[in-house]
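Engineer: here you go, sequence then predicted model.
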Amino acid sequence: MRFRLKFYRMLTIVTMIAALGGTLIVPAVGAKTVDRESEARFAQELGLSQKSVNKQTSISRADAAGLMARALKLDNKKAPNAGFKDVPKSSEKAVNSLIHAGILEKNSKKFGSKDALTRGELAVWIAKAFKLKGNTETDFTDVPAKYEELIGAVVLYGIADGISETEFGYSQKVSLSEFITMLQSALKAPDYQLRVLHVNDTHANIENTPRQISAIYEHRKGNTNNLLLHAGDVFSGTLYFNEFKGLADLELMNLAGFDAMTFGNHEFDLGSEALAPFVQKAKFPFVSANVDFSEDALMKNLAFDTYTNKAKNGKIYDGIIKTINGEKVGIFGLTTAETASISSPGDVKFEDYINSAKASVKAFKKQGVDKIIALTHLGYNDGGGDNDLELANQVEGIDVIVGGHSHTQLSEPVVVEKYKEPTVIVQANEYSKFLGELDVSFDKKGKVIAYNGELITIDEKNTDGSYVFADDSAAAQILAKYKPIVDAKKKQVVGSTTVDLIGGNPAARTGETNLGNLIADGMLAKAKTINPNTVIALQNGGGVRTTLKAGPITLADVMTVLPFSNALAIMEITGSELKAALEHSVSVAPSASGGFLQVAGMRFTYDSSKPAGTRIQTVEVLQNGEYTALSDTATYFAATNIFTAKGGDGYSVFGDIYADGRVSEPGFVDWEIFSDYIQSFPEQTVSPVVEGRIINTAN
């Protein structure tokens, strides 16, 4: 089955007392998993011997009704007589109670007491008995349309499998053993299962969105227990944003059918002048518990300081309550407080995220909501002062955190188990490369008891080279309105150079180049506008992809040099850590390495004839207009791209700094930083030179 939830990773061994009083059973992983010892105990409670269970190849409808009524402890006394002519006296009360409970239907004067119960009939009984919902479509060809949703729900909850990919075995006789197994699985199944589809930090990368929407449809199809969430940063990153201010993205998001979005820091890059129309035209609500819009003239009438079950599209709420197949799910939003310093929020204020989260949980609990999702743009382990790990460790009662901001590729969910109820954290990297999918199971008290999560690759291809997810036709038509305009924009001249700008392999991977200097200088200039204490910039040579000839520089040229759209990061680094990084930078010199660092705000010498790890000779940092020797014990702020900051190109020292929470992620994209820097020069003309920032003394 395509949509069966798989709970392979158990958070804890949760025991539940079955309806039979005293039988201890464990949440099911799947219908094929049979605990024979538990089954024997269960059969004994029903008054059956293991010998009879093993021997009996079928079970009559009358006997099955008796066993199910006993298992469910139905009140036989209050059930009126259903009036069947063929039900034996011994089974009459059981059949009456099942009819009265709505589990069985009376469509004729005969019950068919002696007829063998089929797999399909049993599945329908179970679905009705336990009020299972969630799967409206199956691949089974032998299931009557009227029962497709009920049987789909039984499969969804892991109570039964089909006998093949296309057959459930609807008319196949069910053995007594299989009856016991399915009924026991139903008794111990979770109370509720929810599928959360999620994306974050898409940053106007919409050219693969038609494929992403196909993936959304595929993984949502038929499963009515689902949500589609965006954890922020739709704005900024490509020319689609520069041209259309998020509205191209929004048209595709509206088509996809998002349930909610929270704000990323980049949503405020152009102030409320761009954000207000984006919100107003959305066909979904926004959640934002720690952002105060009350002083912003354009936004204040869109925002409501409440937690509502009547959310309207194009409005902002602290949190919303979605009723999904009868169950209340609360969703609240949080945005990093760094936004005040790394974006342009104007009169918008950002409140403490921990206090806001605690207030959100309290508000939901007061309204009887016990399944709570935090939709956040804080960063998984971001060093900016607020992040998802801290949120999970400081706030009790959050079941799921769907995160963004740090562009973290969490291939599997992360679980924090500090409190009685665990918190599951997910994040889906960046740029619409993935669709995150989390299947989470709750018990009757709203506690997460099991989960399974993955990132679905949007650009995955079949063996014939075609995409696994073909473009959704409606989405492709929307994209076609915008793409020609962006393609034309790429031809725009952003500046010129009087000299060849040297990059590519091997030049930028073996030594200082004028293009490497120019890119690093632009990165440092941008970082200083965010954190004035930033003194160094580091650009991996492997990211400087090509040389540009003297003459005009177009946006297409800029994007060819920096094609990966790596975001800016600012790290707090000690002198000794920086020296270790420089040793790694030159460890294979004079051979080429993508990790060879182009630098700004510093200069260093090394000797490639010495053993790796002992090559750095001198390091000086430019501070207050003068170069001074690097101090091993001093702390410096250094700008780089997020790929390098997370340990890319083998920079374990940077990876450790990132893991230690000493990296801030303002998130501005490298090609745009470079383009803006070129345009900051008089007449937008650059003439960079090699300055002796990096010298190999062995030459």
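Structural biologist: The structure has been received and is ready for your questions.
Engineer: so, low pLDDT: which residues of the chain?
Structural biologist: 1-36, 39, 52, 76, 384 (pLDDT under 70).
Engineer: now do 80
Structural biologist: By pLDDT under 80, the weakly predicted segments of the chain are 1-56, 75-78, 107, 341, 383-385.
Engineer: am I right that residue 54 falls within a helix?
Structural biologist: Yes: counting by DSSP: H, G, I helix; E, B strand; the rest coil, residue 54 is found in a helix.
Engineer: what about it, distance to residue 40?
Structural biologist: When distance is defined by C-beta to C-beta, to the nearest Å, residue 54 is 10 Å away from residue 40. (C-beta placed from N, C-alpha, C; glycine too.)
Engineer: the two: who's more crowded?
Structural biologist: Higher neighbour count among residue 54 and residue 40: residue 40, with 16 against 13, using other C-beta atoms under 10 Å.
Engineer: isn't that one up against residue 48?
Structural biologist: No: judged on C-beta atoms under 8 Å, residue 40 makes no contact with residue 48 at a distance of 9.4 Å.
Engineer: give me the common contacts of those two.
Structural biologist: Residues touching both residue 40 and residue 48 (C-beta atoms under 8 Å, 6 or more residues apart in numbering): none.
Engineer: what's the distance between residue 351 and residue 278?
Structural biologist: 22 Å.
Engineer: ok, those two, which is more surrounded?
Structural biologist: When neighbours are counted by other C-beta under 10 Å, residue 278 comes out ahead of the other of residue 351 and residue 278, with 23 against 15.
Engineer: nearest residue to the more buried one other than its sequence neighbours?
Structural biologist: Spatial nearest neighbour of residue 278, excluding adjacent residues (C-beta to C-beta, 6 or more residues apart in numbering): residue 246 at 4.6 Å.
Engineer: look up how far residue 346 lies from that neighbour.
Structural biologist: 17 Å.
Engineer: ok, the two, which is more surrounded?
Structural biologist: residue 246 (25 against 16).
Engineer: phi, psi of that one?
Structural biologist: Note on residue 246: backbone dihedrals following degrees, to the nearest 10 are phi 90, psi -10.
Engineer: so who does it touch?
Structural biologist: Here residue 246 is in contact with 204, 234, 235, 267, 274, 278 (C-beta under 8 Å, 6+ apart).
Engineer: one more pass at 10 Å, please.
Structural biologist: When contacts are counted by C-beta atoms under 10 Å, 6 or more residues apart in numbering, residue 246 touches 204, 234-236, 240, 253, 266-267, 269-270, 274-275, 277-279, 281-282.
Engineer: all helices of the stretch 351-500 of the chain, in order?
Structural biologist: With DSSP state H, counting those that start in this stretch as the criterion, the stretch 351-500 of the chain has helices at 353-366, 388-394, 473-489.
Engineer: and the first one, what does it pack against?
Structural biologist: Right, the one you point to is helix 353-366. Other helices and strands packing on helix 353-366, by 3 or more C-beta pairs under 10 Å, 6 or more residues apart in numbering; DSSP states H and E, are strand 291-292, strand 303-308, strand 316-324, strand 327-335, strand 372-377, helix 388-394.
Engineer: who does the first one pair up with?
Structural biologist: In this case it means strand 291-292. Strand 291-292 has its sheet partners listed here by DSSP bridges as strand 349-350 (antiparallel).
Engineer: and residue 452, how many residues sit next to it?
Structural biologist: Counted with other C-beta under 10 Å, residue 452 comes out at 17.
Engineer: isn't it up against residue 441?
Structural biologist: Yes: if you go by C-beta atoms under 10 Å, residue 452 and residue 441 touch, sitting 8.8 Å apart.
Engineer: where does residue 252 sit: helix, strand or coil?
Structural biologist: Residue 252 is classified as helix under three-state DSSP.
Engineer: re earlier: how much space separates the residue nearest to residue 278 from residue 254?
Structural biologist: Distance from residue 246 to residue 254, by C-beta to C-beta: 12 Å.
Engineer: what touches both of these two?
Structural biologist: Joint contacts of residue 246 and residue 254 (C-beta under 10 Å, 6+ apart) are 281, 282.
Engineer: next up, the contacts around residue 642.
Structural biologist: 406-408, 430, 566-569, 648, 658, 663, 665, 667, 670.
Engineer: go on, residue 437?
Structural biologist: Neighbours of residue 437 in contact, by C-beta under 10 Å, 6+ apart: 195-198, 215-216, 219-220, 226, 426, 428, 452-456.
Engineer: for the closest residue to residue 419 other than its chain neighbours, list the residues it contacts.
Structural biologist: What sits nearest to residue 419 in space, not counting adjacent residues and going by C-beta to C-beta, 6+ apart, is residue 396, at 4.4 Å. Neighbouring residues of residue 396 by C-beta under 10 Å, 6+ apart: 357, 358, 361, 418, 419, 420, 421, 423.
Engineer: ok, now residue 571?
Structural biologist: Per C-beta under 10 Å, 6+ apart, neighbours of residue 571: 383, 534, 536, 538, 577-578, 581, 636-640, 644-645, 654, 657-658, 660, 662-665.
Engineer: can you tell me the SS state at it?
Structural biologist: Here residue 571 is strand, with the state taken from three-state DSSP.
Engineer: distance of it from residue 635?
Structural biologist: Taking C-beta to C-beta, one finds residue 571 at 10 Å from residue 635.
Engineer: what sits in contact with each of these two?
Structural biologist: Residues touching both residue 571 and residue 635 (C-beta under 10 Å, 6+ apart) are 577, 578, 662.
Engineer: mind picking the two most distant members of the contacts of residue 396?
Structural biologist: Greatest spatial distance among these (C-beta to C-beta): 357 and 420, at 17.1 Å.
Engineer: much appreciated, bye for now.
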